[in-house]
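Asker: mind looking at a prediction? Sequence and model below.
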Amino acid sequence: MSKISRLFNIDCSEAANCCNKSQYEEANMYEKMQLLFHLAFCKTCRKFSAQNKKLTQSLKKSNLQSCPEEKKQQWRDEINQQYVRDNA
Ligand SMILES: [Zn+2]
């Protein structure tokens with residue numbers, strides 16, 4: 001294997017990781033290139049990447065509202081209380 005292909009040789013789990021990151025613009029240039037290289041010969045990850053893109057787009061389209069902080073706090077309290085009861 002050449003030096004270059006070793007540099008870009010990532011396995012499917014790493015590719016999935018890069019794919020997720022790039023959906024959220026968190027991947028750096030190197031990771032994006034690794035991902036593109038992997039997608040070039042891995043059919044499974046191409047499929048995964050396409051589905052991932054679709055999911056992200058539909059999430060954006062659905063205009064999700066984030067949960068207000070007080071509601072989250074309420075859930076946390078409820079979970080804590082439940083936890084205390086279960087472990088008493
Ligand atoms: Zn793959």
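Answerer: Great, that's in hand. What you are looking at is a predicted structure, and each value in this text was computed from that prediction instead of being measured.
Asker: from here on, just use CA atoms for contacts and neighbour counts.
Answerer: Noted.
Asker: nearest residue to residue 45 in space, please, no chain neighbours.
Answerer: Excluding its sequence neighbours, the residue lying closest to residue 45 (Cα to Cα, 6 or more residues apart in numbering) is residue 39, at 6.0 Å.
Asker: residue contacts, the residue of the chain found nearest the ion?
Answerer: Nearest to the ion in the chain, going by Cα to the ion, is residue 12, at a distance of 3.6 Å. Contacts of residue 12 were listed using Cα atoms under 8 Å, 6 or more residues apart in numbering, and they are 38, 45.
Asker: could you rerun that using 7 Å?
Answerer: The contact partners of residue 12, taken as Cα atoms under 7 Å, 6 or more residues apart in numbering, are residue 45.
Asker: mind telling me what element the residue nearest to residue 45 is part of?
Answerer: helix 29-41 (DSSP states H and E).
Asker: ditto for residue 74
Answerer: helix 69-86.
Asker: would you mind putting the CA coordinates of that helix into PDB?
Answerer: Extracted in PDB, the C-alpha atoms of helix 69-86 (Å, rounded to 0.1, in the frame of the first residue of the first chain):
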ATOM      1  CA  GLU A  69     -34.100  25.000  29.800                       C
ATOM      2  CA  GLU A  70     -36.800  24.900  32.500                       C
ATOM      3  CA  LYS A  71     -38.500  21.900  30.900                       C
ATOM      4  CA  LYS A  72     -35.100  20.100  30.800                       C
ATOM      5  CA  GLN A  73     -34.500  20.900  34.400                       C
ATOM      6  CA  GLN A  74     -37.900  19.500  35.300                       C
ATOM      7  CA  TRP A  75     -37.100  16.300  33.500                       C
ATOM      8  CA  ARG A  76     -33.700  16.100  35.200                       C
ATOM      9  CA  ASP A  77     -35.400  16.500  38.600                       C
ATOM     10  CA  GLU A  78     -38.000  13.800  37.800                       C
ATOM     11  CA  ILE A  79     -35.200  11.400  36.600                       C
ATOM     12  CA  ASN A  80     -33.200  12.100  39.700                       C
ATOM     13  CA  GLN A  81     -36.200  11.400  42.000                       C
ATOM     14  CA  GLN A  82     -37.000   8.200  40.100                       C
ATOM     15  CA  TYR A  83     -33.300   7.200  40.500                       C
ATOM     16  CA  VAL A  84     -33.400   7.800  44.200                       C
ATOM     17  CA  ARG A  85     -36.600   5.800  44.600                       C
ATOM     18  CA  ASP A  86     -35.200   2.900  42.600                       C
END
